[in-house]
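Enquirer: here is a sequence with its predicted model. Questions after.
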Amino acid sequence: MFLLSDIKQTQVYQEAMEERETRLLLRLLSKQFGKISDRSIQTINKLSLEQLENLGEALLDFSAITDLDNWLEFHINE
């Protein structure tokens, strides 16, 4: 019998969480700034779950789309 903690460690679960978080962040960014560039979308799609969570927190402080661009440029190589 699998426990929830066991399931959370699976690759399938991790990928599902990353996909869900990515979609949510893209929706929030689009709502706040309008159209997001294809380049930014591609970069966001490559972020790890931890980076996505950090972006979600940072998003609260963004006042312009350039804040997103700057964040991505700084954090993409982490």
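Expert: The structure has been received and is ready for your questions. Given the structure is predicted, the values throughout are model-derived calculations rather than measurements. Residues are numbered from 1 along each chain as shown.
Enquirer: from the chain's centroid, how far away is the helix or strand encompassing Leu29?
Expert: In this assignment (DSSP states H and E), Leu29 forms part of helix 11-33. From the chain centre to the centre of helix 11-33 is a distance of 5 Å (CA atoms, centre = their mean, to the nearest Å).
Enquirer: what does the pLDDT read for the most centrally placed residue in the chain?
Expert: By CA atoms, centre = their mean, the chain has its centre lying nearest to Leu52, at 3.1 Å. Per-residue pLDDT puts Leu52 at 93.
Enquirer: again, but for the one 4 residues further on
Expert: At Gly56 the predicted local distance difference test score is 95.
Enquirer: what strand or helix carries it?
Expert: helix 49-59.
Enquirer: so what touches whatever helix or strand comes next after that helix?
Expert: Using DSSP H and E, the helix or strand that follows helix 49-59 towards the C-terminus is helix 65-75. Applying CB atoms under 8 Å, 6 or more residues apart in numbering, the contact partners of helix 65-75 are 29, 33-34, 36, 40, 43-44, 47, 51, 54-55, 58-59, 61-62. Every residue, glycine included, has its C-beta placed from N, CA and C.
Enquirer: kindly report the same for stretch 36-43.
Expert: With CB under 8 Å, 6+ apart, stretch 36-43 has contacts from 26, 29-30, 65, 68-69, 72, 76.
Enquirer: can you give me the buried ones in it?
Expert: 36, 40, 43 (16 or more other CB atoms under 10 Å).
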